[in-house]
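**Q** my questions are about this predicted structure, shown below with the sequence.
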There are 2 protein chains.
Amino acid sequence: MNERIRIEELRSRIVSAGEAASWIEDGMTLGLSGFTRAGDAKAVPMSLVERAKTESFKVNIFTGASLGFDLDKMMAEAGIIHKRLPFQADPVMRKEINEGGLFFVDQHLSHTAEAIRNGTLGPIDYAIIEAVAITEDGLIIPATSVGNSSIFIEKAENVIIELNTAQPVELEGLHDIYSPNGQGRRGPIMLTSVDERIGEIGIRIAPAKVKGIVITNAKDSPSTIVPPDTETAKMAEHLITFFREEVKAGRLTNELAPLQSGIGSVANAVMHGLIDSEFENLEVYSEVLQDAVFDLFDHGKIRFASGCSITLSEEKMKDVYSNLAKYRDKLVLRPQEISNHPELIRRLGLLSINTALEVDIYGNVNSTHVSGTKMMNGIGGSGDFARNCRTAIFVTKSTAKNGAVSSIVPFASHVDHTEHDVDIIVTEQGFADLRGLAPRERALVIIENCAHPAYKDQLRSYYEEALTRGGQTPHILEKALSWHTRLAEIGTMREEQPISLS
Amino acid sequence: MNERIRIEELRSRIVSAGEAASWIEDGMTLGLSGFTRAGDAKAVPMSLVERAKTESFKVNIFTGASLGFDLDKMMAEAGIIHKRLPFQADPVMRKEINEGGLFFVDQHLSHTAEAIRNGTLGPIDYAIIEAVAITEDGLIIPATSVGNSSIFIEKAENVIIELNTAQPVELEGLHDIYSPNGQGRRGPIMLTSVDERIGEIGIRIAPAKVKGIVITNAKDSPSTIVPPDTETAKMAEHLITFFREEVKAGRLTNELAPLQSGIGSVANAVMHGLIDSEFENLEVYSEVLQDAVFDLFDHGKIRFASGCSITLSEEKMKDVYSNLAKYRDKLVLRPQEISNHPELIRRLGLLSINTALEVDIYGNVNSTHVSGTKMMNGIGGSGDFARNCRTAIFVTKSTAKNGAVSSIVPFASHVDHTEHDVDIIVTEQGFADLRGLAPRERALVIIENCAHPAYKDQLRSYYEEALTRGGQTPHILEKALSWHTRLAEIGTMREEQPISLS
């Protein structure tokens, strides 16, 4: 333990998870480490859930992004959350949110740290942060994610460290922790390439602020991504075709530009497709580094990857963490405020690949709300990237629910990314390049290139009728949301039901 | 003329507007100076319109923002525009756009320069730029706006200068021209306060690129803003109350933070309201500097103002341009890429005030499309600011069309700013502080604080019915757009028509 906790006085603050959890009071706000199931504080939240069996209380839970270990599920079931932000991805919590059982604030992932720094989210009572070590000079070394841990530690009244001995100590040196001053009192962020370091290898803390250290020993939950399938393989092909056209037009080279790719199976599969491409010496500047990034490393395709968390499948986790030396000098983990910072995204000129839930014929994207009302996971970092990058690419299969849902709709039932921020749409049908196009031009390429053949006529007919009404963005308002209401009524967006053969 | 054109060889390139216009060919793309009626190229576009009387051709017109001098009107009437971007504000052009007579690409104002630099908007054949002088060392000194003039000159095949002798030569020294390198090959923009200078006083040009110089002598069109009224005065009061609460909470001082305020009468009137407040030593970091900014200067309220254009009423124009010395060391004009740059907006921590057309009960803002289809002016810079600033404030009167239209609606008919980017909504009824609130919390404060009393019950009843369906963002999809369809059918969004007394 002396190796992991290198400040003697801190070793006396080791407590049980139960004791640490007992310090939390009703109404408090907790800042938990954790980003897309990686590096989450595990033991104290679990003990809090335990406490809820005999005691009634509510807390606000702020994190980096989604938690693993079923923590969001268990906290939702225990009913201990008043407010949750800025992201979650758990089916049980989602249900609770949609039933109004807890408040979910869906934020751009780069915005949370600014809001905490500006004091608009209220004080953080406890930061509860997973670490692999505490150095002699007072640096907390995070585990597999940084997320919002540095701002939580900076601003929290008290800090509880979960020292996780199951997380490899070799993670030390991988992180680059940089925290800007308040807005109006800060200089430029002096990062000009993905592999630069501008901060320290850990989160600086005054030892007095460490109220307790809890020793844990559990691996991160593995990611839940599913392997690439025929459709995602086609989407990857279309994306590669687009990249080739950019190279041909002289706008990119074979090294492309730093890539960002959102969380989830589709984005992972699309990235995976680059393995068999001619592109090389690639760079990644993203939030979460998923399996595909390490596959690309192993195929010699990536030169360097910067992220704010590493989220891997069970198999990949074994492979990566037992060979960390192989990747260490090609990787850096940063706070999500930095991985998602508009200043850096714009400067580096990222190619951003994020997942859409639905896209309307003019290119407005819904990333979050099923039929405009039910939250899935949250916008995550997609807005940080899409607004400020070089090329904002959104990927989605053209249909969902066995064809009952068209991902291309007349009118988005909820908008997370406006037409101004959507450059390229990729489905398994093809891709639409919307750059420099007016809405009436966009509708044609989206319908023709991206929609599923089963929905093309229906989309064309909506658009043609809309044209008779005129406008920059023609719509038949009384029918605009009819695809969604039809789905609710008869279970499909299709206008003519095929005769059932069963 | 030697004083205005200080490179001898260039004096021989003086041509008539008609001759310069004759160089333009069908299908070309023109980059015109001009931002919110200020500093627009006037003579050559006018001659182009003239040419269209006897000849059929179409060109793409790129500008900074809207043009004065009825140029957009005349070009639209002449039918010479194929594509127009990134902003316009002319009723005739608007009609033409909405009828599909020309393509309008509605862009974030900081994005156009990047798109031109990246080559995604195709080549610029001619830059036509108004200037007050050309210096001995090859700097084009812009007039009352910078807009996109620097990127147009940098990237255009040919440059035509409109040397306007009616624009005061004292404008020289006011501009600060800085152009980043391409994305991925640039450093930080080293601006850390509103009054810093990081560039040159003019736009550098190789004299060989100047194909012709046209001498003009016409003032800018005056702005069309209307004076503050009772309602805008109330909105200003509410905004000031909000600022006071921020000071009380320790989040701002009496010097506030750099202010940005959108184009138009409402934003101007709200800024005007600061004259009688206790706030002082203010800074402005905005796109357009309107009358209110100079009123605030005259009342000793503003320390420094940075913009990318100066757009004034007729009276104010006389006053300012005959006393330019008084303001000169407190003013700077920058390219719109810099005035609206996410890097700087985030770093400086702006308070951004922009106008909404409609806002839904969850805080999604429509800035552009009347009833979701008909374009008004364009998103302008509001997205650049709202996404990246410290506090995104949207202002709108709670009703329009003599009460027939509620600006607060159940469901925005078009979304330009998503709920993630909208912090404060101000109407003459009050203000809603949405920071840190979940959608169900937002709906309550928006309805109670911002809606007009004539619409409150109707909004409450929609929201209560929506709650029975559940969701993170409850809606009754089949009724979501019914306010807009009712307006189209019976001329009002009101459910119960009062008995007519006439």
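**A** Structure received.

**Q** could you pick out the longest helix of chain A?
**A** With secondary structure taken from DSSP state H, chain A has its longest helix at helix A:230-248.

**Q** I'd like the distance from it to the chain centre, please.
**A** Here helix A:230-248 is found 23 Å from its chain centre; the criterion is Cα atoms, centre = their mean, to the nearest Å.

**Q** just the closest residue of the stretch 201-350 of chain A to chain B, please.
**A** Proximity of the stretch 201-350 of chain A to chain B (Cβ to the nearest Cβ) peaks at residue A:349, 2.5 Å away. C-beta: built from backbone N, CA, C; applies to glycine.

**Q** brain fart, the stretch 151-300 of chain A
**A** Here the residue of the stretch 151-300 of chain A nearest chain B is residue A:183; by Cβ to the nearest Cβ that distance is 2.5 Å.

**Q** for that residue, which residues are in contact?
**A** Going by Cβ atoms under 8 Å, 6 or more residues apart in numbering or on different chains, residue A:183 touches A:114, A:117-118, B:257, B:346-349, B:390.

**Q** how close does the residue of the stretch 201-350 of chain A closest to chain B sit to residue A:338?
**A** 17 Å (Cβ to Cβ, to the nearest Å).

**Q** all strands of the stretch 51-200 of chain A, in order?
**A** Under the criterion DSSP state E, counting those that start in this stretch, the stretch 51-200 of chain A contains strands at A:59-62, A:81-85, A:103-104, A:126-134, A:139-142, A:158-164.

**Q** convert the C-alpha atoms of the longest one to PDB, please.
**A** In other words, strand A:126-134. Taking Å, rounded to 0.1, in the frame of the first residue of the first chain, the C-alpha atoms of strand A:126-134 are listed here in PDB:
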ATOM      1  CA  TYR A 126     -18.000  15.300  -1.900                       C
ATOM      2  CA  ALA A 127     -15.800  14.300  -4.800                       C
ATOM      3  CA  ILE A 128     -15.500  10.500  -4.800                       C
ATOM      4  CA  ILE A 129     -12.700   9.600  -7.200                       C
ATOM      5  CA  GLU A 130     -11.200   6.300  -8.200                       C
ATOM      6  CA  ALA A 131      -7.400   6.400  -8.300                       C
ATOM      7  CA  VAL A 132      -4.500   4.100  -8.900                       C
ATOM      8  CA  ALA A 133      -2.100   6.000  -6.700                       C
ATOM      9  CA  ILE A 134      -1.400   9.100  -4.700                       C
END
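
**Q** just confirm residue A:40 contacts residue A:70, I think it does.
**A** No: if you go by Cβ atoms under 8 Å, residue A:40 and residue A:70 don't touch, sitting 10.7 Å apart.

**Q** quick one: which of the two has more around it?
**A** Ranked by neighbour count (other Cβ atoms under 10 Å in any protein chain shown), residue A:40 and residue A:70 place residue A:40 first, with 33 against 16.

**Q** need the pLDDT of the more buried one.
**A** What the model reports as pLDDT for residue A:40 is 98.

**Q** tell me how many other residues surround the residue nearest to it when sequence neighbours are not counted.
**A** Closest residue to residue A:40 apart from its sequence neighbours, by Cβ to Cβ, 6 or more residues apart in numbering or on different chains: residue A:34 at 2.9 Å. By other Cβ under 10 Å, the residues close to residue A:34 number 32.
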